[in-house]
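>>> Structural data only, the sequence is not supplied:
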């Protein structure tokens with residue numbers, strides 16, 4: 001508690017430091033990290049926004065089996081948007 005804003009701010013800052021046009025690989029990993037921050041602070045819609053961007057950028061980095069089995073995604077599983085992303089990757 002109390003560090004939510006700081007965590008989100010630093011996650012967003014990491015995307016500024018490594019924009020996709022500068023280093024796509026690092027950008028995707030920082031995008032994943034930011035998605036995890038949004039999950040951790042209880043912002044599922046913002047997390048799914050980042051997940052959708054990850055899937056659009058690189059389907060090989062975000063596979064259906066990963067989404068189905070990784071406990072990272074447990075807080076998102078009941079969200080219809082997550083289910084839609086899952087269907088797109090399967």
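In hand now; what should we look at? Here the structure is a predicted model, which is why all the values come from computation and not from measurement.

>>> Please make it C-alpha for all contacts and neighbour counts, starting now.
OK.

>>> Show me the helices in this protein, by range?
4-17, 24-40, 44-57, 64-69, 80-89 (DSSP state H).

>>> Pick the most deeply packed of the ones you listed.
Compared across those, helix 24-40 shows the largest average neighbour count, a mean of 20 (mean count of other CA atoms under 10 Å).

>>> pLDDT of it, averaged?
Averaged across helix 24-40, the pLDDT comes to 90.

>>> For it, which outside residues touch it?
7-8, 11-12, 14-15, 18-20, 44, 46-48, 50-51, 54, 57, 72, 75-76 (CA atoms under 8 Å, 6 or more residues apart in numbering).

>>> low-scoring stretches of the chain, by residue?
Along the chain, the model assigns pLDDT under 70 to residues 1, 59-61.

>>> The residue nearest the centre of it and residue 55, how far apart?
The centroid of the chain falls nearest to residue 35 when counting by CA atoms, centre = their mean (3.0 Å). Separation of residue 35 from residue 55 (CA to CA, to the nearest Å) stands at 12 Å.

>>> do the same with residue 81
Residue 81 is 13 Å from residue 55, by CA to CA.

>>> before we move on, what about residue 84?
Separation of residue 84 from residue 55 (CA to CA): 11 Å.

>>> now swap in residue 14 and tell me
Distance from residue 14 to residue 55, by CA to CA: 19 Å.

>>> repeat for residue 21
17 Å.

>>> Could you do residue 65 as well?
Residue 65 is 13 Å from residue 55, by CA to CA.

>>> repeat for residue 2
Residue 2 sits 31 Å away from residue 55, going by CA to CA.
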